[in-house]
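[1] need a structure here:
(chains A and B)
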Amino acid sequence: MLTSVLLVEDDDVEVMSVKRAFRVMSLPHPLVVARDGLEALAILRGNGESKSAASPHLIFLDINMPRMNGIEFLRELRRDPNHARIPIVILTTSMADADRQAAGDAGVAGYIIKSTLEGGFAAFAAAIDGHLKKLTPIDAP
Amino acid sequence: MAAILIVEDEGIVAKDIEMTLRQMNYDVVGIARSGEEAIERATSFRPDLVLMDIHLKGQLDGIATAAILRERMDIPIVYLTAFADDETVGRAKVTEPYGYIVKPFNASELRSVVEVALYKHQIFLRLRENEQGLATTLNSIGDGVIATDELGRVQRMNPAAERLTGWTIEDALGRPIEEVCQFRSEVTHMTIANPAVSALRTGTIVELEDRAMLVSRNGDECPISDRAAPIRDARGQIRGAVLVFDDITTGRKRERELEATKLRLQHLLTANPAIVYTRDATAGAQITFISEDVKTQLGQEPASCVASPEFWKSHIHPDDRATFFDALSQPSSDAVTTCEYRFLHPSGGYRWLHDAFRRVPNSGGEHDEIVGCLVDITNQKYTEFLLARQTRRLERSNKELEEFAYVASHDLRAPLRAISTLAEWIEADLGDVLKGETREQMHLLRGRVQRMDRLLSDLLEYARVGREELAVECVDVRELLAEVIDLSNTTKRFRFEIASSLPCFETAKVPLKRVFLNLLNNAVKHHHRDEGRVTICVDDHGDYFEFSVADDGPGVAAQFHERVFQMFQTLKPRDIVEGSGMGLALVRRIVDDANGKVWLDSQEGQGATFRFTWPKYWTGAPASLSGAFSLDSVRGLPVTTRGG
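    As a prediction, the model looks like this:
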């Protein structure tokens, strides 16, 4: 089975960015999208609409989201014994110290800052690709 | 039984006297026939009385013998004589005999003379004893005592009087008291009437006036207290005067010191802005003294303040009374107790007072005292209030700035990034379909988005200056410049000339680096040619360094020297020289924050030299304003920068 990925992100363009990065980099991994922390929890715990990605191998997590933000989700997840060990890469525009501190405390696997336009989309796609390759051995197709 | 020695060279007469005396129950201790024998017997037997014949055979006659006996043994003498011529009586008188018996005499005559002589001698001895006791007393006391006769002539003086006046009794005896004892006023230096003379005249006790000085025989003066009294005999007649005086140098000195201390204290009280007071350390806490300043400072009469215990309490602001009583209930003698309260001014307003006091044990007995001082701190309180309000406003505006910065960094940039991303995708997806003007427009669209993003990012950086916690480290300016030149990656060919001697000092590296980076970028970006020269120098001005960054670019006209440091100001259209117009504004803000100055020396066409000063000793940003933003990266996290 292919390594599956959960993307927690409320912005349509950001979701498109990740999907486009997958396409451009030819990443075959199934990608499930949750629009906020609550929806992501529902999916993980199998009480959401879709049950197909109940156990993702990697989560890309935005911080600023409605209802339950990324940091709250992160803390909730670390308390959940079934999902506490899933690697998480923060995908954010936030430079705020508090967010970085909170993410660091929760032990995230990576931190992608979408703060500058330099490097363009290609750099972003490469970062997504790098995290997937580094953190999850891809099964032979 | 009295012992009597008979000195008589006529045996029969002597025997007769002896017999008569024995019959009268006197003890006759012997009969001497010559002066020499008389002295020998008297020395052995110590008789109470000697009956002495004036005419004796031998070297010594009766009178000479009597004189020796009196002198050596103080034995009373009664002379026996057959005749009494004037010359003999005259000689005999000098030896102060107790009586004469003229021969021949009968028994009763003898008896009465002997008895009277013995009695008189007893009286004499008693008187002498009294006299000696009195003299001892006078000689022992510390006060000077001088007695005069009724004419004011010195009769006796004790050693203390001799010491104080410088006169001995031998020299002073019989001299007028005014000569021996001269008094002078300490104030007027005039001679003061001698109280002994006054006492003789008025017959009353006379005191010397205050601040009198005794002038001694050699002219020395010493402060003295003195009184004189008349001496009256049994009938009330004035027979003389006695003068008693004492050296009061020590007392007078202490008095003077006390006066000086008092003056000093008074001066301190009036010269001091504080109001000083004392109050009873009792439940009433009545004010017992308060300095005059209370009138000018608090508009209250000192007399009203000490009138009743209620006065002070009733003028304290009702909300502050508890504080005041609380402090007052526990004054310590080891430490100062303080409290602050509002005090009603007659104008109707309240003044803030700082009250500092301590308990002072009252050695006088009654009860302890509280000694304190009041300072009007109304102005200080008002300043504190203004400061607190200012601080609150500043905190609020800081918070707003933080929120603004967050909005700018996230909410405003997110849609920008989306626009940029989408434009990039459209451009990529359309591929060759995009041609000519459309392609150019797409390019402009992305350029404008990037410019907006840079503006926001520079604005954010500008807002952060002075709000970061800056690490202070030893900065080698040469190394720092090497890094900066590396960073200001230029496609143009520029030569950077760096002064041979550059400092290495303790300062905050990040802001200094930003200043150099912006100045170098500025020099390169605005150069009119593709190659140029930038010279970096430093001057040591003691407390600070003055750095200069000089280029050989187009220069800046004098009228723009101020404008270049303002936010969003550019001298050329952004389409020609891309820039936010924030670089130099940022430089000024950073240098300001470091307590330095930055300015521009330039003329059009002759290059530009930016100079700035930087303190040698970093004082740092105020802690309350820092810490909101830190650029420290999260430890151990891989950080990737993503473009849209």
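
[2] center of chain A - which residue?
    By CA atoms, centre = their mean, the mean C-alpha position of chain A lies nearest to A:Phe60, the distance being 0.8 Å.

[3] all strands of chain A, in order?
    Applying DSSP state E to chain A gives strands spanning A:5-8, A:31-34, A:58-61, A:88-92, A:110-113.

[4] check the stretch 201-350 of chain B too.
    Per DSSP state E, counting those that start in this stretch, the stretch 201-350 of chain B carries strands over the ranges B:206-207, B:212-215, B:221-232, B:238-247, B:275-280, B:287-290, B:337-344, B:350-360.

[5] identify each buried residue in the longest one, please.
    Right, the one you point to is strand B:221-232. Applying a neighbour-count criterion of 16 or more other CB atoms under 10 Å in any protein chain shown, one finds B:Pro223, B:Ile224, B:Ser225, B:Asp226, B:Arg227, B:Ala228, B:Ala229, B:Pro230, B:Ile231 buried in strand B:221-232. The way it works is simple: take the backbone N, C-alpha and C, and place the C-beta from them, glycine included.

[6] so where's the stretch 501-644 of chain B shaky on pLDDT?
    Scanning the stretch 501-644 of chain B for pLDDT under 70 picks out B:575-578, B:620-644.

[7] in the helix or strand of chain A with the lowest mean pLDDT, what counts as buried?
    When the helices and strands of chain A are scored by mean pLDDT, DSSP states H and E, helix A:97-106 comes last with a mean of 75. Neighbour-count burial for helix A:97-106 flags A:Asp99, A:Arg100, A:Ala102, A:Ala103, A:Gly104, A:Ala106 (criterion: 16+ other CB under 10 Å).

[8] ok, stretch B:555-566 next?
    B:Gly555, B:Val556, B:Val564, B:Phe565.

[9] could I get these as TSV with secondary structure and distance to B:Ala64?
    Shown next, in TSV, are the buried residues of stretch B:555-566 (DSSP: H, G, I helix; E, B strand; the rest coil; distance: CB to CB, whole Å):
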residue	secondary structure	distance to B:Ala64
B:Gly555	coil	141
B:Val556	coil	139
B:Val564	helix	137
B:Phe565	helix	133
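
[10] need the longest helix for chain A.
    Ordering each helix of chain A by length in residues (DSSP state H) puts helix A:120-135 first.

[11] quick revisit: farthest-separated two in the buried residues of strand B:221-232?
    Maximum pairwise distance among those (CB to CB): 26.6 Å, between B:Pro223 and B:Ile231.

[12] now for residue 66: which residues touch it?
    Chain wasn't specified; assuming chain A. A:Asp10, A:Asp36 (CB atoms under 8 Å, 6 or more residues apart in numbering or on different chains).

[13] I was after chain B.
    Counting by CB under 8 Å, 6+ apart, B:Ala66 makes contact with B:Val50, B:Met52, B:Ile77, B:Tyr79, B:Ala92, B:Thr95, B:Pro97.

[14] now do B:Tyr341
    Residues counted as contacts of B:Tyr341 (CB under 8 Å, 6+ apart) are B:Ile316, B:His317, B:Asp320, B:Arg321, B:Thr323, B:Phe324, B:Trp352, B:Leu353, B:Asp355.

[15] those, buried ones only, as a ChimeraX selection?
    Listed next is the ChimeraX selection for buried residues among those, using 16+ other CB under 10 Å:
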select /B:316,320,323,324,352,353,355
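
[16] any regions of chain B where pLDDT drops low?
    Scanning chain B for pLDDT under 70 picks out B:84, B:331, B:363-366, B:406-410, B:466-468, B:489-492, B:575-578, B:620-644.

[17] care to break it down by domain?
    In terms of domains, chain B is parsed into B:3-131, B:141-253, B:272-376, B:390-459, B:466-625 (source: automatic domain parsing).

[18] state the distance from the closest residue in space to B:Val306 that isn't next to it in sequence to B:Pro273.
    In this structure, B:Val306 finds its nearest non-sequential neighbour in B:Ile287, 5.1 Å apart by CB to CB, 6 or more residues apart in numbering or on different chains. According to CB to CB, to the nearest Å, B:Ile287 stands 19 Å off from B:Pro273.

[19] helix, strand or coil for the residue nearest to B:Met24 when sequence neighbours are not counted?
    With CB to CB, 6+ apart as the criterion, B:Met24 has its nearest non-adjacent residue at 5.5 Å, and that residue is B:Arg111. The local conformation at B:Arg111, judged by DSSP: H, G, I helix; E, B strand; the rest coil, is helix.

[20] my guess is B:Arg111 contacts B:Tyr26. True?
    No. Contact criterion CB atoms under 8 Å: B:Arg111 and B:Tyr26 do not qualify, at 9.2 Å.

[21] neighbour count winner among the two?
    B:Tyr26 (21 against 16; other CB atoms under 10 Å in any protein chain shown).

[22] and the residue lying closest to the more buried one once chain neighbours are set aside, what does it touch?
    In this structure, B:Tyr26 finds its nearest non-sequential neighbour in B:Ile4, 5.1 Å apart by CB to CB, 6+ apart. Contact analysis of B:Ile4 by CB under 8 Å, 6+ apart lists B:Leu21, B:Tyr26, B:Asp27, B:Val28, B:Val29, B:Pro47, B:Asp48, B:Leu49, B:Val50, B:Leu51, B:Val114.
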